[in-house]
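**Q** Sequence and predicted structure are below.
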Amino acid sequence: MLHRPDGTFCWVDLKTHDPSATAAFFAAVLGWSFEIDQGSWRQATVIRTGEHRIGGLSDSSAAVYPPGTPAHLAHYLAVTSLDARVAAAVEAGAQVVPPFDAGDDGRIATLFDPFGAAVSLWQRAPRRGWTHSPETVAAPRRLRHLSADPVAAAEFYPHVFGMTDRDTEFAELDKENIMAGWNLIVAVDSVAEVQRRAAVLPSGSCRVHAVDGRSVVAELTGPDGLTFSIES
């Protein structure tokens, strides 16, 4: 199995208060499938699009999360030496939750970069991580970092994590995005078709917010507010 190189994004976790409703919504609008990973020590729920594993689904109301943890996405950067990258991040001004071993899934740490965005580092086991191309339908295409200082952020990630990912962007916060963070962008064949599917569901939404030539970008929101972008 191929793997993403160091300093590139390799996984996303959907952390939600209602895993069943969230899975039903994204299965209906994007065609994702959700299954128990029998090879994982946690028996975690894995998200697939076609033959590709693209992420996981977790219950953010579980005891392992602090009370009141909101629904959110956790984005994972591939690293070979997690402890060395954590030390470099702290030296560069990041705040880090202590790393931990995740059984046969590898080793993980979560940090807040100096600009306020959360990101996780994954020193992964050999068979974990993304294998799809950026153009794979219903799979992550790229990620956009939003902050008050995109120039400094664009320097921080290559310096600390060796990021060379051409599918990563850095942009300034605007009136619609008031908190620093990473925004996932998923490729779709047709934003209009996703809108049509979302419109007939009892909860969740899909709202177009940018049209640039032949590209259409929309904000897709699940039943409990978990949100990311889609692009056709």
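**A** Thanks, I have the structure now.
**Q** Extract the C-alpha set from stretch 189-198 and format it as PDB.
**A** Extracted C-alpha coordinates of stretch 189-198, given in PDB (Å, rounded to 0.1, in the frame of the first residue of the first chain):
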ATOM      1  CA  ASP A 189     -18.600  15.300  -9.500                       C
ATOM      2  CA  SER A 190     -21.400  17.800  -9.000                       C
ATOM      3  CA  VAL A 191     -22.100  20.300  -6.100                       C
ATOM      4  CA  ALA A 192     -25.600  20.700  -7.500                       C
ATOM      5  CA  GLU A 193     -26.300  17.000  -7.100                       C
ATOM      6  CA  VAL A 194     -25.000  17.000  -3.500                       C
ATOM      7  CA  GLN A 195     -27.300  19.900  -2.800                       C
ATOM      8  CA  ARG A 196     -30.200  18.100  -4.200                       C
ATOM      9  CA  ARG A 197     -29.500  15.000  -2.000                       C
ATOM     10  CA  ALA A 198     -29.000  17.100   1.100                       C
END
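**Q** need the strands for this structure, in chain order.
**A** 9-16, 33-36, 45-49, 52-59, 72-78, 95-101, 106-112, 118-124, 140-147, 168-172, 181-187, 205-212, 215-221, 227-231 (DSSP state E).
**Q** out of those, nearest to E155?
**A** Closest of the strands of the chain to E155 is strand 168-172, at 9.2 Å (criterion: C-beta to C-beta). (Glycine included, C-beta is placed from N, CA and C.)
**Q** and that closest one with strand 9-16, angle?
**A** In terms of direction (axes from the mean of the first three to the mean of the last three C-alpha atoms, to 10 degrees), strand 168-172 departs from strand 9-16 by 60 degrees.
**Q** what does strand 168-172 rub up against?
**A** 8-9, 142-148, 150-151, 153-154, 157 (C-beta atoms under 8 Å, 6 or more residues apart in numbering).
**Q** and the least confident of those?
**A** When those are sorted by pLDDT, the bottom entry is T8 at 91.
**Q** Bridge partners for N183, pull those for me.
**A** R144 (DSSP bridges).
**Q** what's around it, how many residues?
**A** Per other C-beta atoms under 10 Å, the neighbour tally for N183 reads 19.
**Q** Begin at 13, not 1, for the rest of this chat.
**A** Happy to do that; since the first residue is 13 now, the last one works out to N195.
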